[in-house]
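In: Let's see this in three dimensions:
(chains A, B and C)
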Amino acid sequence: MIYAFVVHIGRKAGLSDPEGTTTGKALRDLGFRGVGNVAFGRTITLEIDADSQDAARIKVDEMCQKLLANPVMEHYTIEAVS
Amino acid sequence: MTTQETPTHIQLGMTDTEYESVIDVLGREPRPAELAMYSVMWSEHCSYKSSRSHLGRFRSDQPWVVVGPGENAGVVDLGDGWLAALRIESHNHPSFVEPYQGAATGVGGILRDIFTMGARPIAVWDPLRFGPLDDARNRYLLEGVVSGIAGYGNAVGVPTLGGEVEFADRFSKNPLVNVMALGILKREQLVLSAASGKGNVAVLLGNATGRDGIGGASILASASFEEGDAEKRPSVQVGDPFEEKKLIETCLELYDRGLVIAIQDLGAAGISCATSETAGNGGMGMDVDLDAVHVREPGMTPGEVLMSESQERMLAIVSPDRLDEVLDVAMKWEIDASTIGTVTEGPELKVYAGGDLVAEVPAASLTDDAPRYERPACRPGYLDTAWARDPVIPDDIDAGGTLRVLLDDPAIGDRSWISSQYDHMLFLDTVIEPGHDGSLLRIKGTHKAMAVSTDGDSLRTYLDPRRGAARIVFESALNVAVTGARPYALVDNLNFGNPEIPGVMWQFIEVVDGMAWACEELDVPVVGGNVSFYNQTDGIDIYPAPVVGMLGFCDPMPEHPPRLDRAEEGMAIWIVGQDPQGDFAASAYDRVVNGNLGGRPLDVDGEVARRVVAGAAKLAFEVPVLHDISFGGLAVALAEIAFASGIGFAIEGVSGRDLFDETPLRFIAAARSDDLDTSVPHARVGTVGGDLLDFGQAGSMPLSEGKAIWGDALPRRMR
Amino acid sequence: MTIAVVVFPGTNCERDVTHALGLVGADAELAWHKDRDLGGASGVVLPGGFAHGDYLRTGAIARFSPIMAEVERLASEGVPIIGICNGFQILCEAGILPGALIANRDLKFICKPIHLRVESTDSVLTRAAQVGRVLRIPLNSYEGNYIATDIDTVEDAGNVILRYSDPRGTVDDRSDPNGSTNSIAGVTNENRNVAGLMPHPERAIEEILGSSDGRVLFESFVASVEAVHA
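Out: Now for the predicted structure:
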């Protein structure tokens, strides 16, 4: 069975996010009001062939820890889409 | 695991004796914020407590030295009002934890050291050391570090002119990421870090302060590192080259307008270090209000604000009646600024938060009263066994077959996989780019030029720390000399293992002695340095890895400086300098072909070094091609000229053995003349031409084949 | 006759461009991105660098800087304008030039001299060159890979002025360093008064730096400015 997941990777709270800060400032400069914190991240869509969705999710989690995210500075969420 | 019972000072990496010294200085128990300050400021990284007593052997009293060690960067006089500022640093541990950000913030930090002096940073070099590339983790580290240097350096707008790279097993879990920067300024722009003038104010410029790398200096760089040791893992610092670029322009405009009395960048130990150093260096005190600091996140404790290592921040001491002008400049460049302190007569540094006094310490005590250790040193036992493993070198080495192996070695192969990721051309000063022995940078509007070479040789240094270190200095001198420059000033980055191990301390002392001696022989001042101890993972110390950054200077510069790509059909090839003396310890041949690391490297005569270096600098004005003979010997050096120039050569009468000998202080010259105008011993060995790397009876190989192997050595491993 | 060199926070080639313009006899003045008026500038250069850190998307924030309204106005009035590297990216993002620049094919920053073949002399950047001439000029970018959704329109309109090539002028995939569509390295607009290119001609302005092939492009630009100014 093929299971699809969307992995969202973002920077851990408290770490500096220059891209987010700069983009937030640009939005405010353009006149958008009420813009609070702006944070950047990455989205990765993955298809995994596995026996069950749980087994696939465990694989994806391992991929996140090993390669997709750097646990030292990034957090991630895994969302099953099919 | 840290337990409830562990005293705070131990958790912060401080010994009981050091804690008692703090009580002695203060006459009472320290407050929490004070303890945090002393723990970082008295750490190995900030205080050089294990190395300081040895570093006095480096001389820096030459008349052209304007600022010697102790300030943010060394400064030397280039004449006609021009000064150069230079500095080297390491970012080893952070680069292992997070290679991209570790390397990136290393670049950011060294640049701040340069523009803190009033100089515009004009170039960066990155000497790197990794474990062997057959390990995926090491490839990941190399890829990440190079991207981080490129990502930050290119975006901040300072060219990166290369730097060398070495691969050896003991760097696998402890890569070395050193970074050297060079800046240029006019004499009247020089700024120092000593605050003066009661009532002057301290302005914090740049990034908001967040919980970045709290305790990073003391804990990361001052203790050995075990893999997966989450307790010691601080939050990673994230670099923002855009903020740094704006900060550079802000500071340079502040200097131009004479608005800065003193300035200090914020690195390890953040605000506590910058305020105590500016105040302490000026014999003053300071009142600091942490509530005024612009912070990135709410709820930070006073200790966290004081110790934060958030990047891209500077502390400027300015006159209160010009404060508005300072803030205007910051606003123009879209830089945040907050007035956080006032210079007092001192000597106390008083820190307030929420209306409370959270720290009150003698400003100078954080630096001056730091402990100093005479760590025990003892010649390590490995030396005798290593010396006994003498290289076995046949007389009739087949040059073609051997080159096929050596050219594929990643430390010999083409390094442009790295350097082409760096912007090395910005500012239009780069006359000699990466891929040559030394970089050459012109100073526009003058006839002056500066040359730089960064060098290290950890395996040779492992086999003989004293000789190895001296030879690094001589090699870097020759590398700048072949561009036409004379060796002018040196900075060193001394990367070692755990100094509490007597064998490591012995290596360190030997290296300092060898380097100090070599510099004195060449009359080169040591204007700055950095010591990185505790490069030890899982109980294994790295090879002793001193790295030098040699600044060369010439005025005028050669009209057509020698280049590797200027060899042409019919030019005569000469070897200039020492005769080969059978120097194979830690040579490319012994390491790569024999798979051995042993024997004792050759010693060097200071008088010979002076003559050869001066001879090269003189020939650089007359000869189109000069190239230092180093790793891989004459054969590899000749091949590099052939690859760059796209033309082969024919060599006669050099034995296979001599082709791979690494006796130092020798270089190649190629020129269209019957003899060389030099008093240095030289011998003609062949002629440029054809499409072969032709070594006569020692063998040959097609130029195209050699170039393909050499060109793919690094890329094929990184694919 | 003055040429304005626009500086955004993060721009870093402004002094190099000024130096190059000086070598071909033109006066340049730096203009700050918050300026709303370029006064009497007879020509405009958007130099390279990392405006606003290249954050979000290269050129995305810079195109909203106050000065860009003025650049757009001058563009529509026929004033010669060139964008180099990041300046090219900003002109594309602002819609003044067709197309966009994305990450290089190999996802690596590329800094090295490459070869360019002149495709058209009908632009402010190439008017003094000859079609087919090969120039050796350094490239220095991470997002240098040219794409356009309407690539045929760009080609058919004759907007392509420079293509990556080998030293002999052959254009193919191997001579395309960054994956640019049809090896496009530089384009011009419909009115031929605005042009952009990824390589840095100011870095090939003196033999001591390895090449002076960039000079002809600056001479073209300055001649164009003089022609309009006169």
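
In: Phi, psi for B:Ser458 please.
Out: phi -70, psi -30 (degrees, to the nearest 10).

In: Check the gap between it and B:Ala168 for me.
Out: For B:Ser458, the distance to B:Ala168 under the criterion C-beta to C-beta, to the nearest Å works out to 6 Å. All C-beta spots, glycine's among them, are computed from the backbone N, C-alpha and C.

In: So for the two, which residue has more residues nearby?
Out: B:Ser458 (23 against 19; other C-beta atoms under 10 Å in any protein chain shown).

In: Find the closest residue to chain B in chain A.
Out: When distances are taken as C-beta to the nearest C-beta, chain A reaches nearest to chain B at A:Pro18, 3.5 Å away.

In: which residues does that residue contact?
Out: Contacts here follow C-beta atoms under 8 Å, 6 or more residues apart in numbering or on different chains; on that basis A:Pro18 touches B:238-240, B:242-243, C:53, C:55.

In: Can you give me the distance of it to A:Ala39?
Out: For A:Pro18, the distance to A:Ala39 (C-beta to C-beta) stands at 11 Å.

In: same deal with B:Asp289?
Out: If you measure B:Asp289 against A:Ala39 using C-beta to C-beta, the figure is 30 Å.

In: just B:Leu141 next, same as before
Out: 27 Å.

In: Find out how far stretch C:181-190 is from the centre of the chain, if you would.
Out: Relative to its chain's centre, stretch C:181-190 lies at 10 Å (C-alpha atoms, centre = their mean, to the nearest Å).

In: hmm, back to that, save the contacts of A:Pro18 as JSON lines, and put in neighbour count too.
Out: What follows is the contacts of A:Pro18, written out as JSON lines (neighbours: other C-beta atoms under 10 Å in any protein chain shown):
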{"residue": "B:Val238", "neighbour count": "23"}
{"residue": "B:Gly239", "neighbour count": "26"}
{"residue": "B:Asp240", "neighbour count": "28"}
{"residue": "B:Phe242", "neighbour count": "25"}
{"residue": "B:Glu243", "neighbour count": "27"}
{"residue": "C:Gly53", "neighbour count": "25"}
{"residue": "C:Tyr55", "neighbour count": "24"}
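
In: Flag every residue of chain C that's near chain A.
Out: When proximity is defined as C-beta under 8 Å from any C-beta of the partner chain, chain C approaches chain A at C:52-53, C:55-56, C:61, C:64.

In: of the residues you listed, closest to A:His8?
Out: Each of those was scored against A:His8 by C-beta to C-beta, and C:Leu56 proved nearest at 17.8 Å.

In: which residue packs closest to C:Asn178, ignoring adjacent ones?
Out: Counting by C-beta to C-beta, 6 or more residues apart in numbering or on different chains, the nearest residue to C:Asn178 once its immediate chain neighbours are dropped is C:Asn104, at 4.1 Å.

In: quick one, helices of chain A?
Out: If DSSP state H is used as the criterion, the helices of chain A fall at A:18-29, A:53-63.

In: Out of those, which one sits most buried?
Out: Ranked by mean neighbour count, the helices of chain A are led by helix A:18-29 with a mean of 19 (mean count of other C-beta atoms under 10 Å in any protein chain shown).

In: low-scoring stretches of chain A, by residue?
Out: Across chain A, no stretch falls below the confidence threshold (pLDDT under 70).

In: Report back the residue of it that's furthest from centre.
Out: Computed with C-alpha atoms, centre = their mean, the maximum C-alpha offset from the centroid of chain A is found at A:Gly31, amounting to 27.9 Å.

In: ok, back up a step: now for B:Ser458 and B:Ala168: what residues contact both?
Out: If you check B:Ser458 and B:Ala168 against C-beta under 8 Å, 6+ apart, the residues they both contact are B:129, B:543.

In: what does chain B put close to chain A?
Out: Applying the criterion C-beta under 8 Å from any C-beta, the portion of chain B that neighbours chain A consists of B:97-98, B:101, B:207, B:210-212, B:233, B:235-240, B:242-243, B:296-297, B:310-311.

In: which parts of chain A sit against chain B?
Out: So chain A meets chain B at A:11-12, A:14-18, A:21-22, A:70, A:72-73 (C-beta under 8 Å from any C-beta).

In: Which ones among these map onto strands?
Out: In this view, the residues of chain A next to chain B that belong to strands under DSSP state E are A:Arg11.

In: which of the residues of chain A next to chain B are buried?
Out: Neighbour-count burial (16 or more other C-beta atoms under 10 Å in any protein chain shown) is assigned, among the residues of chain A next to chain B, to A:11, A:15-18, A:21-22, A:70, A:73.

In: Return the member of the residues you listed nearest to B:Pro391.
Out: Comparing those against B:Pro391 with C-beta to C-beta places A:Asn70 closest, at 42.1 Å.
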